[in-house]
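Novice: Sequence first, predicted coordinates after that:
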Amino acid sequence: MLGESGVEGEFARIVKEAADFHGHLGPFLVIGVRMSLIALRELRLGKDANGLCVTATLKNCTPFSCVLDGIQVATGCTMGNRKLRLTEDSSLIAARFALQEGSKEVSVLVDPTTFQELKDRLLAEGLPPEDVRKLAHSIESMPEEKLFIVRCT
C-alpha cells in the first residue's frame with residue numbers, strides 16, 4: 001500500500017478525510033482505514049463498491065469504536081445504509097468484508113500482540129493529544145504483516 005507511486009498520496013487523502021469526518025486523527029481511526037483498504041485491494045473493489053457489506057467486531061466504546069469511522073469513510077459502508085454492522089463485546093478488533101452475493105470475503109483482524117501493545121500505549125494515563133497523533137502516524141506506516149492478520153475466502 002505505502003510506497004507505490006500515487007497510492008501513498010491516496011492513502012493520505014483518505015486518512016485526512018476520515019480525520020475530518022471523525023473530528024481528529026487517532027490510531028484506531030487509521031486502523032479502520034487500513035483494514036478497509038486491505039479488503040478493497042483483496043476484493044479488487046473501489047470505494048463505494050456496490051455489493052460490499054462489512055461486519056465489524058469490537059468493543060463498542062472509545063477509542064476502539066473509532067475504527068468504525070475509518071471503515072465508513074474508506075468503504076462507503078455506513079450504519080445508516082445498513083452496509084456496516086457491529087458485533088459488540090469483543091476483546092479484539094476484526095472486520096469481515098463480504099460481497100453481498102457471497103462469492104468472496106476478506107477478514108482482517110488486528111494482530112492480538114500488536115493490539116495489546118497499542119492499547120497499553122494509548123490508554124496510558126495522561127497521554128497528550130500530540131502523542132495520540134504520533135501513535136496514529138506510527139500505525140499509518142506500520143508493516144501490514146505486523147498489524148493485521150488477513151484471511152481471504
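Specialist: Structure received.
Novice: would Phe97 count as being in a strand?
Specialist: Yes - counting by DSSP: H, G, I helix; E, B strand; the rest coil, Phe97 falls inside a strand.
Novice: secondary structure class for the residue nearest the centre of the chain?
Specialist: Among the residues of the chain, Gly32 comes closest to the average C-alpha position under C-alpha atoms, centre = their mean, at 1.3 Å. Here Gly32 takes the helix state, with states given by three-state DSSP.
Novice: Now do the SS call for the nearest residue to it once chain neighbours are set aside.
Specialist: If you skip the residues right next to it in sequence, Gly32 has Gly70 as its closest partner in space, 2.3 Å away by C-beta to C-beta, 6 or more residues apart in numbering. C-beta coordinates here come from the backbone N, C-alpha and C atoms, glycine included. Gly70 falls in the helix class when you classify it by three-state DSSP.
Novice: ok, now the one 3 residues further on?
Specialist: When the structure is split into helix, strand and coil by three-state DSSP, Val73 lands in helix.
Novice: got a list of what it touches?
Specialist: Contact partners of Val73, counting by C-beta atoms under 8 Å, 6 or more residues apart in numbering, are 14, 17-18, 21-22, 33.
Novice: got it, and Ser36?
Specialist: Under the criterion of C-beta under 8 Å, 6+ apart, the neighbours of Ser36 are 54, 70-71, 74-75, 95, 97.
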